[in-house]
Each structure stands twice: as C-alpha cells, then as structure tokens.
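K.L.:
mind looking at a prediction? Sequence and model below.
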Amino acid sequence: MYLKTAFLFLFCLLRTPFFGQVAGEIIFSGTHPRISVGHSIDILEDKTGGMSVAEALGSGNFKASTQIVPNLGLSSSAFWLKFRVRNLSSANNLMLMLEQPNMDEVSFYTIQPNGSYNEEHLGEYQPFSKRIYDVPDYLFHLNIPVNSEATYLLKVKSAEQIQIPLILGTEVSVFNFIGLKNMLSGLYFGIMLVMLLYNLFIYFSIRDKSYLYYVVYIIIIILTQTSLQGFPFQFLWPNIPWMAIHGGFLFPSLVGIAGLAFLHDYLHSREFVPKLVKVSYVFYFLYAISMTLAILNIFAASYGLMEITAMFVSMYMLYIAIVIFRKGYRPAKYFLIAWSFFLTGVCIYILKDFGILPYNNFTRYSMQAGSAFEVILISFGLADRIQVLKKEKEESQAEALVVLNENQRMVKEQNVMLETKVLKRTTELQETNKELSLTVNDLRETQTQLVHAEKMASLGQLTAGIAHEINNPINFVKSNIKSIGRTVQEFKTLLRKYAEITPGALPDVKLIEINTLIQEIDLAYSMDEVDQLLLGVDEGVLRTTEIIKGLRNFSRVGEDDMKAADLHEGLDSTLILLNGQLKGSITVQKEYGKIGLLECFPGRLNQVFMNILNNAIQAINDARKDTSGLITIRTCKDEKNIYVSFRDNGTGIPCEIRDKIFDPFFTTKSVGQGTGLGLSIAYKIIEKHHGNIAVESEKGSGTLFTLCLPIGIADLQPDSSGIRNVNS
Amino acid sequence: MEQQKVKVLYVDDEVNNLTSFRALFRRNFEVYTAISAEEGRALLKEHRFHVILTDQRMPGTTGVEFLESIIGEYPDPIRILITGYTDIHAVIDAINRGRVSRYITKPWDEQELKMTIENAFEVYSLRQANIELTQKLLEANGQLDFMLRQKLLS
C-alpha cells in the first residue's frame, strides 16, 4: 500500500542505497527450487533511458547489488540489471520472475555468447494481452541447459519506487509459487470481500453512514492492495495501460481521503477533536494536488507529494486515534489496534525489503495480512458500535423507564394530591352547602318575618285609620251617655217636683217652683238634646259595629280555604277600614258590574285590595291637598275572567320604576313608612289565583291597576296549600 | 274680677262630637261649635273666644292647619288639639306649628277636659289681667307723672 512507499521513502532518506562490488553471477544449484537473486546482480543507471543493449553491456558503470530486493528509489532513470546464471541443477527449464507488477517498462534480453540477444518487452505500457503468462508478475524463460551458463540484461523503468524482487527457479516451483501467491491474494481478497459485503449488509439493515464510509474505504483498499499485485490490470482494465500506470498514483490518494473520512466518522472526531479535524482539509487538498499531478503525468512530483502526505496522514490518524482513545471512546481502541496491526504489517514488509527480515511468505504478505487484520478489527469495532448503540439505547431506555417511573410516581402523587384536594373541596363544598342551607333557612325565616312585619305594618296603618274611626263614635257615645245621664237626673228632679203636687196642695206655688226649674234646666232644649244624644249613641254604636264587621269581613278569620265569595263585599269591607283615610278628601266611585261569586281566597284578595287602595290613597295625598281625590273601582266579567280595576288620580308611577314595583323590598316610601313588600305579596296572591296584575300609569295623572282573576280556579288548583306558604 | 263665662270654640267634622261636647259643657261654659275650619273662622270673626279646641283629622283643612292659620289674627285664645289617634307627626306639628297648649286624645275624659279648659281659661285670664294691669299701671304712671308736673309747675 501507499504507506509502504511512505516508509520506504523514510528508509531511503536514512539509508542511501549503496552498490557493492561486482557479483553478477547466480549459481542455481537446485538445492532450493526457488531463490531470490536480488543481491547477485549488477545494476546500471541509465539516466536518459536511451542506452542501447550494446552500450549497456559495454558499460563499466555496473555496480553490484547488496540487497536481496534492490531498492533503486524514486527515479526517472531506466535501470539495467545484468546477471549471469549458472545452472548446476538437473532442471533445464529455469524461469526468472520479477515479482513487481507495477513496472512501467520491463525489457528482458538474453545475451548470446556471440553478443547477439533475444528481447522481450513487457510492462504497464503494454496491454496485458501481450503477456505470455496470465499473471501480473513478469515471467521470463531463461532457456539455460543443465550445467551451462548465460548472461541476461533486464531493463526496468518506473515512475514509482523501483524495487527489484527477482526470483529464479524451476518452472514448476515458480508456478507453484504463483499458485501460492494467488491463493494468498485470493484469501486476502476473499477476506476483504466478505468484510465489504458484511458491512454493506449492515449498512443496508441499520442505515448507519459509518458503514457506507467503511465499505467505500474497503473498496479502495482492495483496489490499492490488489494494484500492488497487479490484479486490477489483469482483470479490470487489461487493455487500458493508462489505468495501470495512473492507478498506482490515484488509488493511494483515494485511500488516504477515504481513510480520513472514515476515521472522522468512525471516531466522531468532529465531537472529540473538532480543531484537529480541520487539519484533514489540508490533507484532502494535498491529495487532490497529487492526483492532479498524476493525471498531468508529472509522476515524480505527484508521487513525492503523495508519499509525504501519506506519512503525515498516518501519523495524524494515529494521533487522533490516541487522543480520542484517551477520552475514553471505545471504538478508538479498536481503531488503534487495527491501525497498529496494519503499521506492523507495513514495517515487516519494509524490513523484509531491506533484508533485515527474511524474504518469505510471511514477510511478503505481512502488509496484506496487516490490512486484512485492520479491516477485520475495524469491522469488530463497528460491530462493537452496534453493541454500544444497543447499550446506549438500553441506557436511554432505562433512563426513559426511570423518567417514566418518575412520571408515574409524580402522576400518582399528583393524583393523591388531587384526591386530597378534591376531598378538601368536597368537604368545603359540603360545609358551604350546609351554610347555604342554613342561610336559606335563615332567609326563609327572615322572609316569613318580613311577611309578618308587612302584615304588622299594614295592620299598624290600618289601626291608625281604624282607631280614629272607632275612637270618634266611642267618644261621643261615651260622652253622650254621660250627658244623657245628667239630663235624666234633671228630668227626674223635675218629675219629683211634679210628684209633690197632690190634689190637696197648693198647685200655684208648686207650679211656680216647677216653672223656675224648667227655666233652669232649659227643658225644651234638653228634650231636644236628649233626642240628639240618643241618636248619636245609636249612630255611634252602629258605626262601631260596622267597623268591627268590616274588620272581621276583611280578615276573614278562619277562611284560608278556597270558597265562593262576593268580591264586592270584600271591596266594601276594605273601603270601610280605609274610611278614615278616605274621608272628606277622596271620593270613591264604585262601578260594580254583575260578577256573581268567585272561587277564591277572600281574605287574601282583601289584602290585595287593601294594598292597592292604600297605595292609591297615598298617591292622591301626595299629589293633591284639596278634596278632588278620586278612586274609581270597577268590576266586570267575561266568560273566563273577572276583572277588578282601581283607578286613582294620584302622582302616578314613573316609568323607570314601573318594572320594579312588584319586586320585594322595592319602596318609594321613606324608611319606616313601608316594607316594600305590599305589592310583591299582592302579586304572589294574584299569581296563586292564576291571575295577573296589569299596571297603566302616567306620571302626574294617576294609575290604573287591573286584576284579572280567572273563573273556576278551584278546578285548576285543588291544592290550596301553596297560598298558605306565601303569607303564613 | 267678676266671674266671666268661658267662651269655648270646638271644631270637629263629626257632628255627633259637636253635640256631645255641647251637651257636656253647655252648663259650664259658653260653647260654640263649628263643623269645619271655615265655619270656625266665621265664628272667630263674631266672637272673642278664650279657648279653641279642634279635631285633628278633618277633610280639607286639618286641625293643626286651622290653628296655624288663625294664630296671626287671633293670638290670644288658648289652643287645644283633640285627636282620635296619636300620630307623632301630628303631635310635633301641633306643638311647632299650631302652638297648642294641650293635646287631648279621644275618647276624652269629661273631668280632664273640663279642667283643661278651665286651666286654659285661667291662663288666658291671667294674661289678660296682666295686660290690663300693665295698662292700668301705665295709666297710673301717666297720671302720677302729670300730677308731678303740675306740682312742679305750681
């Protein structure tokens, strides 16, 4: 791989290859059927590449190789390799193998003793089909008979690092070797392919981009590694020498780019070492330049740049892996191990090239082995990533579970809290409810009390009127009786005087006495007065009786049940009670129609009449001071209803309060003058009779109240208990 | 001072009350009755009353209003209000506006009423006597003054 070249470059800097004394002779004894002969050849550098075979043969500048695998470094020169082979074995079909498929130009010359030569031209400049053997390495038949020797020239030229791993052996052993090589390459290729497919499948199944990067990386590694073996040229583009030549420059750069991209993705460098990641852009740039140079056929510069870049990239990758490993990211461990394997492989490979380690199958394939191990280990790492992902997932699941549990716990707690709250609220509500019930009870009681108070107030008002009405007759009855008594005494005295007149007595004296007494007591006046006084007593008693009757009629004691009643009687009784307030100043005009009896609660209706008439009287008293007050009471009837209307010419009701007059506690009277319940109670009573109250009023001209009472509500409402609730 | 018969005016819209009152007190006092405030005012023009009694509740003009209306013209008679029902407003009005000396409720007590009228008359008489005496005193004073001047001149 490219790293190999990078390291070789380092070695080259440290150890300039030297060329020893002439050796040039290879003795093939047959003890080993196959031998490396790199250290037994002479090498001539042809700087221009323009030397002819004769010139090369004749040159004295050949120098002996000292390395098993001669390393000629990076050079634009052509190199002539001269060696003589003495075949001491029993095989006469010896073959030479240049185990370096990446030579641009390989020419093989068999020098005849007479100086003439046969030539064979191979290399990447030639299409693969020109080769005799279908192998990427270069194979030449030596045609040395047993116990003879021959001289050969091999001209090589390459833009890449020139290494000359030369192998000499019998045909069978060489082919065996090639078979072994193919098998090992196949093994490597197989491993790589499996890894490729494996990661590709994983990518398809879990869609993690790392795997795709890795697959791309593996593909490029395969191309690069197999390029070293010359397989792509053999199998992929046998007729495109351009690819064969340029592949050696392009693939290493691509590997570098893919490797860096994969590294960053795999190790999450962007998270761990974001600043270091930026350095890789420089490498991308350098690689791009290198590839551009290769495409422009400026090979030396391209190769040099690529090698230097590769060297720094390998160190950079190692450094990043270590840094991230230190940060505790597990995949970095896998990467480090894999990378170490690969580097070890590369080192072994190079040490082999420098002869420090023996040239054997292990050392020869150490790089591929390292690469395979690298790929496998990184795959492990990727697999471990799945593990890590799984673990992370499990952890997150566990975390989610913890969170869930926590949530559940909280929900439970909140539930408990809510329940407590609900319980508390419920208790509070129950308490409130209880309080409200108490309040309602209180209110009911208050209402009852208020209704009672209204009754009392009405009664008080009534009493004021009635007291005056009753006190007057009582007053004159009482004093009349006294006066009558006194007059009767006077009459008695007079009668006694008359009684003293006996037939025997002197009547004149007596008569004078009587006459004086008559004068004294003003008899004529007294007798007239007595009549008047008796009339007064009579009237007084009559009026008192009337009032008491009216009172009884009005209150209808013991008549809370529905019964047929004459409304006119109720109206008259009410008027009698109100007489004191009406007297003199207000005229009451009755326009009674023929309405007959009505099924009703007479006492209740009288209360309604009383309330309406009281209001009318007050309205009239407020409006006028003279005697022009007029209340018209009219009754009439149609098929369904009886109508009772009260018209007054009082102050009237302002329209803004007309809607409120039936509201409880609404009053226009001053405090203590009215409860504000009169009309509201009246309304309730009429409602209980299934009737209604209509109000027409104009401020200043008076008010008309019309009661509409349906006939036959006894059928509608057999249960009369509701009425009691209103007023009892 | 010779015994003078007390002249009493009683105003009430209830004719029976007027009759009763007259029957009760005609022997003691000189009783005049009126059925309304107007009639009362008419009587006031003809007679000089010592005591005026009136019912409070009357159509048109109430007792207090009647009393209030006559104060300016006839300030001397003692004013008494008689009412069938004690209404605190009426009482307050009677004192402040009608300047009544007594407040009597119906049904009245004959003795109490009689004494009230007599006491009222006494007050009236005392006031009149006071005025007369003052007049006499002034006269005497004038005579004395005159005599003193005569003496001083002579």
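P.N.:
Happy to help now that I have it. Numbers count the residues shown, from 1 in each chain, chains lettered A, B, ... in the order given.
K.L.:
bridge partners for A:Phe79, pull those for me.
P.N.:
Beta-bridge pairing of A:Phe79, defined through DSSP bridges, involves A:Glu45, A:Val156.
K.L.:
contacting residues for A:Gly540?
P.N.:
Neighbouring residues of A:Gly540 by CB atoms under 8 Å, 6 or more residues apart in numbering or on different chains: A:472-474, A:476-477, A:480, B:16. Every C-beta, even on glycine, is put in place using the N, C-alpha and C of the backbone.
K.L.:
what do you get for A:Ala623?
P.N.:
Shown in contact with A:Ala623 (CB under 8 Å, 6+ apart): A:629, A:649-651, A:700.
K.L.:
swap in B:Pro107?
P.N.:
Per CB under 8 Å, 6+ apart, neighbours of B:Pro107: A:471, A:474-475, A:478-479.
K.L.:
among those residues, which lie within helices?
P.N.:
A:471, A:474-475, A:478-479 (DSSP state H).
K.L.:
now these in JSON lines, with pLDDT?
P.N.:
Below are the ones in helices among the contacts of B:Pro107 laid out as JSON lines (pLDDT from 0 to 100):
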{"residue": "A:Asn471", "pLDDT": "83"}
{"residue": "A:Ile474", "pLDDT": "89"}
{"residue": "A:Asn475", "pLDDT": "89"}
{"residue": "A:Lys478", "pLDDT": "90"}
{"residue": "A:Ser479", "pLDDT": "90"}
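K.L.:
dump the residues you listed to a markdown table, plus distance to B:His47 and neighbour count.
P.N.:
Formatted as a markdown table, those follow (distance: CB to CB, whole Å; neighbours: other CB atoms under 10 Å in any protein chain shown):
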| residue | distance to B:His47 | neighbour count |
| --- | --- | --- |
| A:Asn471 | 29 | 20 |
| A:Ile474 | 30 | 18 |
| A:Asn475 | 25 | 24 |
| A:Lys478 | 28 | 19 |
| A:Ser479 | 23 | 28 |
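K.L.:
so which of those also contact chain B?
P.N.:
A:471, A:474-475, A:478-479 (CB under 8 Å from any CB of the partner chain).
K.L.:
nearest to A:Thr110 among the residues you listed?
P.N.:
Distance to A:Thr110 across those (CB to CB) is lowest for A:Asn471, with 174.3 Å.
K.L.:
what secondary structure does the residue in the stretch 251-400 of chain A that chain B sits nearest to sit in?
P.N.:
Per CB to the nearest CB, A:Ala400 is where the stretch 251-400 of chain A lies closest to chain B, at 88.2 Å. Classification of A:Ala400 using DSSP: H, G, I helix; E, B strand; the rest coil returns helix.
K.L.:
number of residues surrounding residue 70?
P.N.:
Picked chain A for this. Using other CB atoms under 10 Å in any protein chain shown, A:Pro70 has 22 other residues around it.
K.L.:
could you do chain B instead?
P.N.:
21.
K.L.:
residues contacting it?
P.N.:
Per CB under 8 Å, 6+ apart, neighbours of B:Ile70: B:40-41, B:44, B:52.
K.L.:
check which helix or strand covers it.
P.N.:
helix B:63-71 (DSSP states H and E).
K.L.:
hang on, the earlier thing: just the contacts of B:Ile70: which are in helices?
P.N.:
B:40-41, B:44.
K.L.:
circling back: next, format the contacts of A:Gly540 as TSV and append distance to A:Arg364.
P.N.:
Shown next, in TSV, are the contacts of A:Gly540 (distance: CB to CB, whole Å):
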residue	distance to A:Arg364
A:Asn472	155
A:Pro473	157
A:Ile474	156
A:Phe476	161
A:Val477	161
A:Asn480	166
B:Asn16	162
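K.L.:
of the residues you listed - the most surrounded one?
P.N.:
Busiest of the contacts of A:Gly540 [other CB under 10 Å] is A:Phe476, holding 31 neighbours.
K.L.:
rewinding a little: of the contacts of B:Ile70, which is the nearest to chain A?
P.N.:
B:Gly40 (15.3 Å).
K.L.:
A:Ile257 is in contact with A:Val216, correct?
P.N.:
No - with contact defined as CB atoms under 8 Å, A:Val216 does not count as touching A:Ile257 (9.8 Å).
K.L.:
follow-up on the earlier one: where's the dip in pLDDT among the contacts of A:Ala623?
P.N.:
Lowest in pLDDT among those is A:Gly700, which has 80.
K.L.:
any idea how far the helix or strand containing A:Arg552 is from the chain center?
P.N.:
Element membership of A:Arg552, judged by DSSP H and E, is helix A:523-555. Centre-to-centre, helix A:523-555 and its host chain are 97 Å apart (CA atoms, centre = their mean, to the nearest Å).
K.L.:
same check on stretch B:8-27?
P.N.:
Using CA atoms, centre = their mean, the offset of stretch B:8-27 from its chain centre is 15 Å.
K.L.:
now do the residue in the stretch 101-250 of chain A positioned nearest to chain B: how many residues are near it, please.
P.N.:
With CB to the nearest CB as the measure, A:Arg207 is the residue of the stretch 101-250 of chain A nearest to chain B, at 104.5 Å. A:Arg207 has 9 neighbours, counted by other CB under 10 Å.
K.L.:
same question, A:Gly186
P.N.:
A:Gly186, neighbours per other CB under 10 Å, totals 12.
K.L.:
give me the distance between it and A:Phe251.
P.N.:
Relative to A:Phe251, A:Gly186 is positioned 20 Å away (CB to CB, to the nearest Å).
K.L.:
same check, this time on A:Leu571
P.N.:
Relative to A:Phe251, and taking CB to CB, A:Leu571 is found at 129 Å.
K.L.:
okay, A:Phe354: pLDDT?
P.N.:
Model confidence at A:Phe354 (pLDDT) stands at 65.
K.L.:
what's the nearest residue to the residue in the stretch 601-728 of chain A positioned nearest to chain B if we skip its chain neighbours?
P.N.:
Residue of the stretch 601-728 of chain A nearest chain B, by CB to the nearest CB: A:Thr627 (5.9 Å). For A:Thr627, ignoring the flanking residues on the chain, the nearest one in space by CB to CB, 6 or more residues apart in numbering or on different chains is A:Ser585 at 5.1 Å.
K.L.:
so that neighbour sits against B:Pro59, correct?
P.N.:
Yes - if you go by CB under 8 Å, A:Ser585 and B:Pro59 touch, sitting 5.2 Å apart.
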